[in-house]
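J.: Quick one, structure for this:
(chains A and B)
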Amino acid sequence: MRDKVFIAFQQNEESRPIIEAILQDNPLAVANEQPAMVKIDAPGRLVVRRTTIEEKMGRAFDLQSIHINLISLAGNIDETEDEFILAWHGA
Amino acid sequence: MAHRKLTLKEKYQLMTRGLDWETTYQPMDKVFPYDQYEGIKIKNWDKWEDPFRLTMDAYWKYQAEKERKLYAILDSFSQNNGQLNLSDARYLTALKIWMQGITPAEYNSHRGFCMVGRQFRGAGARVACQMQALDELRHAQTQMHAFSQYNKHFGGFHQAMHMRDRAWYLSIPKSYFEDAMTAGPFEFVTAISFSFEYVLTNLLFMPFVSGAAYNGDMATTTFGFSAQSDESRHMTLGLEVVKFILEQHEDNVPIMQRYIDKWFWRGYRLLALVGTMMDYMLPKKVMSWAEAWGIYWEENGMALFHDLERYGIKPPKYHEIATLEKNHITHQAWTVFYTACPATAFHAWLPQPYELDWLSEKYGETFERYYRPRFAQFAELERAGERFYTNRLPLVCQTCQVPVFFTEVNNPMRQSVRQLDWQGMKFNFCSDGCKDIFAHEPEKFCQAYIPPQQIYQGNAGGARNLQEYAAWLKCEFGKDSGEYYTSEDYARWKQWHGGKDTTPSSAAA
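T.: Okay, the predicted model is just below:
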């Protein structure tokens, strides 16, 4: 079993399409709902994809604006305009 | 003519590089005198990269949006008397400890990042420190603004900065940050950005702030998550800092391992306060300290250290001890708070029957056997009209400054105390972890300001007993300190609820 990365968001209407997109793009990801927040765990790697979020939102989306509702994360980050990737590189 | 839009990576490069220059009037080593004496070797500062690639313009844009959201909610909270929606006024003890212990720490963190932002010679590192210094100042300010509504109605919020420099339990977070600020710049960023932010703050900001939401505290939930969205940047920076330093030179590995060992243990001791908030101060329960430790350390923290194995970094020394202690420390800390609360700026109480059952469910045999009987004994004394308060000052650990109330991992009936003689003086510690830290830097830690010793030496405004000491803290018994169920806070809460006791009777919201 690979170590888990995670990303957590505030529970609100802005986060909802982001969370839906993450769960769609990462079949192994699991959303854990807690009061006022959602923590998404995934084994080894997790990708947040701009185009999927835009499909869910029906409008253009700047990937850096995930900062507004982001609570926390774990993993090494690689960020471009199109994708935000969290991964562990260890064995 | 149409210009091609810059990519995020290009924009970040342009906005964070080439802002500095090689000095000519003075040698660089004199301009940046502090970034070499720790022995950390940096060959190429340009390898420093902020993984979020956040430029200053984007930073202002997103921070402004976060502030607008936050202050709209704080206005609404105070205009609608949001304090009335709390699950119970006992909850406020957690906020008082936050205001007195954590908010001043945010401010010290701001000061620390201003200093190391000046001390690093790499421009990328300085930009990152500048943003973080601004964030930390924002955290201190937004927390004070959020708590100001509670300060209108409840005791204990009125003199946080005064108390921080004087109260025995607040010397724990104070000494943590002051130890970091008086270290070298690389130790400071490892202590704060890596050990504190990456490894440990999730335990404060995730389960506790989620617990604030569960207990109806709109103000804290909002500033807490707003701060944590900055923390996620800081944490990421913390990991990048460590990787950057390790990649620069193999000689850096043993120095970094020692920093990681030291600051994990110091941070873990500090978190005993947070664990107690979760297990004892949230009237509606979200998860226990032991469960949170399992998720955020045993699972997520260990994943991080598996990732760092490739650099030759091992999980922090004594982390197994921390895990073995997870079923004990919060009950021990709350016992001390319960008995010593006249000399604090918060109230304490015995857990209600539903809470005792919840603790039994979460901690099983450990709680049933060692801690429940203690609370039963205290309850018996209360019924007899002899509510127990301690009237002695505790022996305090020279390193973490927590009174030595923790027990041996293999024997919960035996207090854990370690001693060390150094230059004709005897020093006391709560654990091997804290003793090791002292042994490596005795010249620094022998100078620690230990509140009980200072009180006995007459340096606490001349106080001769705990009552006089509390007065010196500017704490009034019954108003700011002592038993909750005979406090002004409780009387006011009852009055607001038509004279009825509204203490919850179950852990669920």
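J.: can you pull the contacts of the residue of the stretch 101-250 of chain B found nearest chain A?
T.: For the stretch 101-250 of chain B and chain A, the shortest gap (CB to the nearest CB) falls at residue B:213, measuring 3.6 Å. Backbone N, C-alpha and C define where each C-beta goes, glycine included. By CB atoms under 8 Å, 6 or more residues apart in numbering or on different chains, the contact list for residue B:213 reads A:35-37, B:221.
J.: one more time with 7 Å, if that's ok
T.: A:35-36, B:221 (CB atoms under 7 Å, 6 or more residues apart in numbering or on different chains).
J.: tell me the contacts of residue B:405?
T.: By CB under 7 Å, 6+ apart, the contact set of residue B:405 is B:332, B:336.
J.: element containing residue B:12, please.
T.: helix B:8-16 (DSSP states H and E).
J.: List the buried residues in that helix.
T.: For helix B:8-16, burial by neighbour count (16 or more other CB atoms under 10 Å in any protein chain shown) applies to B:8, B:11-13, B:15-16.
J.: Between those residues, which sits nearest residue B:35?
T.: residue B:16 (17.9 Å; CB to CB).
J.: Next one: the closest one relative to residue B:229, how far apart?
T.: 21 Å (CB to CB, to the nearest Å).
J.: picking that back up, assign a three-state SS to the residue of the stretch 101-250 of chain B closest to chain A, would you?
T.: helix (DSSP: H, G, I helix; E, B strand; the rest coil).
J.: Not counting the helix holding residue B:12 itself, show me its contacts.
T.: A:79-81, B:53, B:55-56, B:123-124, B:127.
J.: Phi and psi next, for the closest residue in space to residue B:130 that isn't next to it in sequence.
T.: Excluding the flanking residues, the one nearest residue B:130 by CB to CB, 6 or more residues apart in numbering or on different chains is residue B:117, at 5.3 Å. The phi/psi pair for residue B:117 (degrees, to the nearest 10) reads phi -60, psi -30.
J.: pLDDT at residue B:117, what is it?
T.: Listed pLDDT for residue B:117 reads 93.
J.: Tell me how many other residues crowd it.
T.: 18 (other CB atoms under 10 Å in any protein chain shown).
J.: ok now do it, which residues does it touch?
T.: Residues in contact with residue B:117 (CB under 7 Å, 6+ apart) are B:126, B:129-130, B:133.
J.: Up against chain B, what does chain A have?
T.: A:3-4, A:6, A:8, A:10, A:34-37, A:64-65, A:67-68, A:70-74, A:76-77, A:79-81, A:88-91 (CB under 7 Å from any CB of the partner chain).
J.: What is the subsequent helix or strand relative to the longest helix anywhere in chain A?
T.: For chain A, the longest helix by residue count, based on DSSP state H, is helix A:15-25. Once the chain leaves helix A:15-25, the next helix or strand it forms, by DSSP H and E, is strand A:30-34.
J.: What lies in contact with that next one?
T.: The contact list for strand A:30-34, computed with CB under 7 Å, 6+ apart, reads A:19, A:23, A:38-41, B:210, B:286.
J.: Tell me which other helices or strands the helix or strand that comes right after it touches.
T.: Using DSSP H and E, the helix or strand that follows strand A:30-34 in sequence is strand A:37-43. Counting contacts by 3 or more CB pairs under 7 Å, 6 or more residues apart in numbering or on different chains; DSSP states H and E, strand A:37-43 packs against strand A:4-10, helix A:15-25, strand A:30-34.
J.: just those: most buried one?
T.: strand A:4-10 (a mean of 25; mean count of other CB atoms under 10 Å in any protein chain shown).
J.: could you check the angle strand A:30-34 makes with it?
T.: If you take axes from the mean of the first three to the mean of the last three CA atoms, to 10 degrees, strand A:4-10 sits at 40 degrees to strand A:30-34.
J.: Counting by contacts, list what strand A:4-10 packs against.
T.: Counting by 3+ CB pairs under 7 Å, 6+ apart, strand A:4-10 packs on helix A:15-25, strand A:37-43, strand A:45-49, strand A:70-74, strand A:83-87.
J.: and after the lowest-mean-pLDDT helix or strand in chain B, which helix or strand comes next?
T.: Every helix and strand of chain B was ranked by mean pLDDT, DSSP states H and E. The lowest is helix B:8-16, at a mean of 79. Downstream of helix B:8-16, the first helix or strand assigned by DSSP H and E is helix B:28-31.
J.: I'd like the mean pLDDT over that next one, please.
T.: 94.
J.: what residues does chain B put near chain A?
T.: B:7-8, B:51-53, B:58, B:62, B:65-66, B:202, B:205-206, B:210, B:213-214, B:221, B:225, B:228-229, B:231-232, B:236, B:239, B:286, B:299-300, B:303-304, B:306-307, B:309-310.
J.: low-scoring stretches of the stretch 251-400 of chain B, by residue?
T.: Within the stretch 251-400 of chain B, no stretch has pLDDT under 70.
J.: so which residue of it comes closest to chain A?
T.: Here the stretch 251-400 of chain B gets closest to chain A at one residue, residue B:303, 3.4 Å apart by CB to the nearest CB.
J.: would that residue count as being in a helix?
T.: Yes - with three-state DSSP as the criterion, residue B:303 is part of a helix.
J.: contacting residues for it?
T.: A:3-4, A:74, A:88.
J.: Redo those residues as TSV? Include pLDDT and distance to residue B:158.
T.: TSV is the format used below for the contacts of residue B:303 (pLDDT from 0 to 100; distance: CB to CB, whole Å):
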residue	pLDDT	distance to residue B:158
A:3	92	46
A:4	94	43
A:74	91	38
A:88	93	46
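J.: Would you show me how to pick out the buried ones of those residues in ChimeraX?
T.: Buried members of the contacts of residue B:303, defined by 16+ other CB under 10 Å, are picked up in ChimeraX with:
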select /A:3,4,74,88
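J.: Among the contacts of residue B:303, which one lies nearest to residue B:323?
T.: Closest to residue B:323, out of all of the contacts of residue B:303 and judged by CB to CB, is residue A:3, at 16.7 Å.
J.: Distance check, the closest one against residue A:86.
T.: Taking CB to CB, one finds residue A:3 at 11 Å from residue A:86.
J.: can I get the helices and strands packed on strand A:37-43 in CSV with distance to residue B:166?
T.: Supplementary listing: these in CSV, determined by distance: least, CB to CB, whole Å:
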stretch, distance to residue B:166
strand A:4-10, 36
helix A:15-25, 42
strand A:30-34, 36
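J.: What ranges does the stretch 401-509 of chain B have for its strands?
T.: B:407-408, B:411-415, B:418-422, B:425-429, B:482-483 (DSSP state E, counting those that start in this stretch).
J.: strand partners of the first one, parallel vs antiparallel please.
T.: Taking DSSP bridges as the criterion, strand B:407-408 sits next to strand B:411-415 (antiparallel) in its sheet.
J.: can I get the CA coordinates of the strand it pairs with in CSV?
T.: What follows is strand B:411-415 as a C-alpha-only set of coordinates in CSV (Å, rounded to 0.1, in the frame of the first residue of the first chain):
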residue,chain,number,x,y,z
ASN,B,411,4.5,2.7,33.9
PRO,B,412,1.7,5.2,34.0
MET,B,413,1.8,5.3,37.8
ARG,B,414,5.4,6.7,37.8
GLN,B,415,6.3,10.3,37.0
